[in-house]
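In: turn this into a model:
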Amino acid sequence: MNDKPRKRWFDSLRRPSARYSVLTLVAVGIVVGVFGILAFDTTMHATSTEEFCVSCHEMDIPYAQLQTTAHFSNRSGVTATCSDCHLPKEFVPKMIRKVEAAREVWGTMTGIIDTPEKYAAHLPAMKAREIARLQANDSQECRNCHDMDRMKPELQGKMAQRFHQPGRMKEKTCIDCHDGIAHPES
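Out: Have a look, this model is predicted:
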């Protein structure tokens, strides 16, 4: 095999261009970079919306469950969307979760969970993975909205007051007790 064309190509990558000025190359790099960042940001935003999440027909089950909870409809008018609970706000954890979520998209594309019945059959395993994720990050997505230090015990019921006492919360995270809060068992 002749390595000369390959060597010439690699050498050309390391030399300044004879055809274009350095300023032109930098300007093109900046334009391509800005376009890339805008495309990436647009994609991240579009795939983090409730409309995107529920666009698959098998998402009827979890979305219907969510609609029966206080996270969807409450007197304050504040509602949680899919991404509020299932997508971290920080960049690196968000990217990791997006890659993990590709499993569900792949499952839909390959027919593993492409019907409500198949989805329901895989629901226990998917729920266990999500609970484990929330346990591992100390229910960070819950804490993004619910601040234990600002919760008013006097506005909670007696049982909630008892369970939310700091001494009882040791080594526990929100999802340990509230695992059915947004998706109650059907």
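In: helices or strands up against the longest helix along the chain?
Out: The longest helix of the chain (DSSP state H) is helix 22-46. Using 3 or more C-beta pairs under 8 Å, 6 or more residues apart in numbering; DSSP states H and E, no helix or strand is in contact with helix 22-46. (Glycine included, C-beta is placed from N, CA and C.)
In: what separates it from the chain centre, distance-wise?
Out: Distance of helix 22-46 from its chain centroid, counting by C-alpha atoms, centre = their mean, to the nearest Å, is 24 Å.
In: any idea of the mean pLDDT for it?
Out: Across helix 22-46, pLDDT averages out at 93.
In: and the next helix or strand after that helix, C-alpha only, in CSV?
Out: As assigned by DSSP states H and E, the chain's next helix or strand after helix 22-46 is helix 50-53. This file holds the C-alpha atoms of helix 50-53, laid out as CSV (Å, rounded to 0.1, in the frame of the first residue of the first chain):
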residue,chain,number,x,y,z
GLU,A,50,-42.7,18.0,27.0
GLU,A,51,-44.0,18.0,23.4
PHE,A,52,-40.9,16.1,22.3
CYS,A,53,-41.2,13.6,25.2
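In: list the contacts for residue 163?
Out: Residue 163 makes contacts with residue 177, as judged by C-beta atoms under 8 Å, 6 or more residues apart in numbering.
In: ok so, going back, got the contact list for the longest helix of the chain?
Out: For helix 22-46, contacts defined as C-beta under 8 Å, 6+ apart pick out 16, 17, 52, 94, 98.
In: mind putting the residues you listed into TSV with secondary structure?
Out: As requested, the contacts of helix 22-46 are arranged in TSV below (DSSP: H, G, I helix; E, B strand; the rest coil):
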residue	secondary structure
16	coil
17	coil
52	helix
94	helix
98	helix
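In: tell me which of those residues is nearest to residue 164?
Out: Lowest distance from residue 164 to the contacts of helix 22-46 (C-beta to C-beta) belongs to residue 94, with 28.4 Å.
In: quick one, helices of the chain?
Out: Under DSSP H, the chain gives helices at 4-14, 22-46, 50-53, 60-66, 82-86, 91-109, 116-136, 140-143, 158-163, 174-177.
In: and those helices, which one is worst for confidence?
Out: Per-stretch mean pLDDT for the helices of the chain is lowest at helix 4-14 (a mean of 78).
In: OK, contacts around the nearest residue to residue 88 once chain neighbours are set aside?
Out: Leaving out its chain neighbours, the residue that sits closest to residue 88 by C-beta to C-beta, 6 or more residues apart in numbering is residue 94, at 4.9 Å. With contact set as C-beta under 8 Å, 6+ apart, residue 94 has these partners: 44, 87, 88.
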